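Student: need a structure here:
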Amino acid sequence: MKKWLIFIIWISLTILIGILMWKTKPDINEMNSPNPEIIATTPTRTPKMTKITVAAVGDIGLGRETNYQILQRRNPFFPFEKIRGFLSTFDIVIGNLEGPVIKNCPVVRTGFKFCGQPENIQGLTYAGFDALSLANNHINNYGLDGISQTTQALNDNNLDYFYQDKVWYKNIAGTQLAFLGFDDTVSKIVNEELQFMIENVKNEADIIIVNFHWGVEYQPQPSNRQKELAQLAIDTGADAVIGHHPHVIQPLEYYQGKPIFYSLGNFVFDQMWSEETKTGAISIITIENQKIVDTNLKKTYMTTCCQPELVE
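Tutor: Next up, the predicted model:
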C-alpha cells in the first residue's frame, strides 16, 4: 500500500512540475519580436555632408586663330586636350564664351569680329563644361542671328548658358545653385537692375554666383568700378563673384567673407604675344552644407596657341 501511495505522489509531483514549466516558458513570438528599449536607444545615422566643387575659367575664344587651328587639325577637341583631365574632377565647370558660333563663319586670323564654327562647341562638352556665360562684348558680333545660332549649338551639345536676365539654376544633392552673368563693357550695368535680379534669385537658390564681364583690358589691378559692382552684388546677396574681360589675371579678394575673382584672364585664346595673356587662372569654389567653405586658384598656361595646360 505504501508503495502505491509513494508512486501516486511521485506522478502527481511530476505532472505539477511539468505544468509549472509550461506556464513559465517564453513565447516564441515574444523572443523574435524587437525589443522596444533597444530600438529607442539605437543612434540615428547623420548623413554625410556632400561637398560640391565649382570650377570657373576666364575667356574662351573659339574664333579667329583658335577657329583656324581647329579647322587645320579637323579637331574641335584640340584646345582642351591638355586640361580635360583636370576639369573632369569638378561637379560644375563654367566659363565665358567670348563670341558666337555660326554656320559659314569667315576663317580669319586677325581682327576684332569673332566667330567660330558651330562644331567647335563639341570641344566644350568634351572638356567637361556645364554652362557658359554669354554676357560679353563679342557675343553680338553677328547680331541676334549669331546669338540664336550659338544658343542652338549649345543646346545641341547639352550645354546650358546664362546672361543678363537668363539665370542658370543647378541642383546638386539638394543644394540649389544660381549663376548670373552681366556685361559692363558694351553698356554700363544699372545698379538697381543688378540688385533686382539678385533679389529675385535669393528666394530660389542657396548659393548665388555672379559673373561680370568688366574692367579695363590688360590691367593687372581691378578698377574702382569693378570693386563697386562686386561689393554691391555681395551686399545684395551674392555668395561669390567671378570676373573676366581684362585678358590678364587680377587678384582674388574677399569682401564680407565672400570671394571676388576680379579676372581669371585667358583660358582658350589666341593672344600669344605676352606672358600675361598666355596665362590664366581657374577659380575653385567648394560648397558644403549650402555654404562656401573654401576657395582656391590654379594657374594655366598656353605654350601652344589656344591650348591651355595646368601649371603646378
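Student: Which helix or strand in the protein has the lowest average pLDDT?
Tutor: Within the chain, no helix or strand scores below helix 36-41, which has a mean of 30 by mean pLDDT, DSSP states H and E.
Student: Which neighbouring residues are in contact with residue 310, exactly?
Tutor: Counting by Cβ atoms under 8 Å, 6 or more residues apart in numbering, residue 310 touches 82-83, 86, 298-300. Heads up, the C-betas are built off the backbone N, CA and C, glycines and all.
Student: so it sits in a helix?
Tutor: No: using DSSP: H, G, I helix; E, B strand; the rest coil, the assignment for residue 310 is strand, not a helix.
Student: ok, so what distance separates it from residue 297?
Tutor: Counting by Cβ to Cβ, to the nearest Å, the gap from residue 310 to residue 297 is 12 Å.
Student: cool, and residue 311?
Tutor: Applying Cβ to Cβ, the value for residue 311 to residue 297 is 11 Å.
Student: Bridged to the residue nearest the centre of the chain, which residues?
Tutor: The centroid of the chain falls nearest to residue 92 when counting by Cα atoms, centre = their mean (2.7 Å). With DSSP bridges as the criterion, residue 92 is bridged to residue 54.
Student: you'd agree it is up against residue 130?
Tutor: Yes: the pair residue 92 / residue 130 is scored as a contact, 5.2 Å apart, by Cβ atoms under 8 Å.
Student: hey, what's in contact with both of these two?
Tutor: residue 170.
Student: ok now the strand ranked longest in the chain, how far from the chain's centre?
Tutor: For the chain, the longest strand by residue count, based on DSSP state E, is strand 291-304. Relative to its chain's centre, strand 291-304 lies at 13 Å (Cα atoms, centre = their mean, to the nearest Å).
Student: Which strands and helices lie in contact with it?
Tutor: Applying 3 or more Cβ pairs under 8 Å, 6 or more residues apart in numbering; DSSP states H and E, one finds that strand 291-304 contacts strand 258-264, strand 266-268, helix 275-278, strand 279-288, strand 307-311.
Student: what mean pLDDT does the third one have?
Tutor: It stands for helix 275-278. The average pLDDT for helix 275-278 rounds to 98.
Student: Check stretch 283-301 too.
Tutor: Mean pLDDT, stretch 283-301: 97.
Student: what comes up buried for that stretch?
Tutor: Neighbour counts over stretch 283-301 (16 or more other Cβ atoms under 10 Å) mark 283-287, 290, 292, 295, 298, 300 as buried.
Student: ok, now stretch 230-246?
Tutor: With burial defined by 16+ other Cβ under 10 Å, the residues of stretch 230-246 counted as buried are 230-234, 236-246.
Student: One more: stretch 202-217?
Tutor: Residues of stretch 202-217 classed as buried by neighbour count (16+ other Cβ under 10 Å): 205-215.
Student: which of the residues you listed lies closest to residue 117?
Tutor: Among these, residue 213 lies closest to residue 117 (Cβ to Cβ), at 23.1 Å.
Student: Was I right to think the closest one contacts residue 184?
Tutor: Yes: contact criterion Cβ under 8 Å: residue 213 and residue 184 qualify, at 6.5 Å.
Student: what do the two both touch?
Tutor: Among the neighbours of residue 213, none is also in contact with residue 184 (Cβ under 8 Å, 6+ apart).
Student: where exactly do the helices run in the protein?
Tutor: 2-24, 28-32, 36-41, 64-73, 84-87, 122-127, 143-156, 191-202, 224-236, 275-278 (DSSP state H).
Student: which one of the ones you listed has the lowest average pLDDT?
Tutor: Looking at those, the bottom one is helix 36-41 with a mean of 30.
Student: picking that back up, for the residue nearest to the centre of the chain, list the residues it contacts.
Tutor: Contacts of residue 92 by Cβ under 8 Å, 6+ apart are 52-55, 130-131, 170, 172, 177.
Student: how about 10 Å then?
Tutor: Residue 92 makes contact with 52-56, 128-131, 168, 170, 172, 177, 179, 209, 285, 287, according to Cβ atoms under 10 Å, 6 or more residues apart in numbering.
Student: how much space between residue 140 and residue 280?
Tutor: Counting by Cβ to Cβ, the gap from residue 140 to residue 280 is 24 Å.
Student: So the two - more neighbours on which side?
Tutor: Shown here are residue 140 and residue 280; by other Cβ atoms under 10 Å, residue 280 has more neighbours (29 against 15).
Student: Relative to residue 188, how far out is the more buried one?
Tutor: 26 Å.
Student: dump the residue contacts of residue 97.
Tutor: For residue 97, the contact set (Cβ under 10 Å, 6+ apart) comprises 59-62, 116, 121, 124, 129, 131-136, 138-139, 150, 154, 159, 161, 163, 268.
Student: Name the nearest residue to it, ignoring sequence neighbours.
Tutor: residue 132 (4.1 Å; Cβ to Cβ, 6 or more residues apart in numbering).
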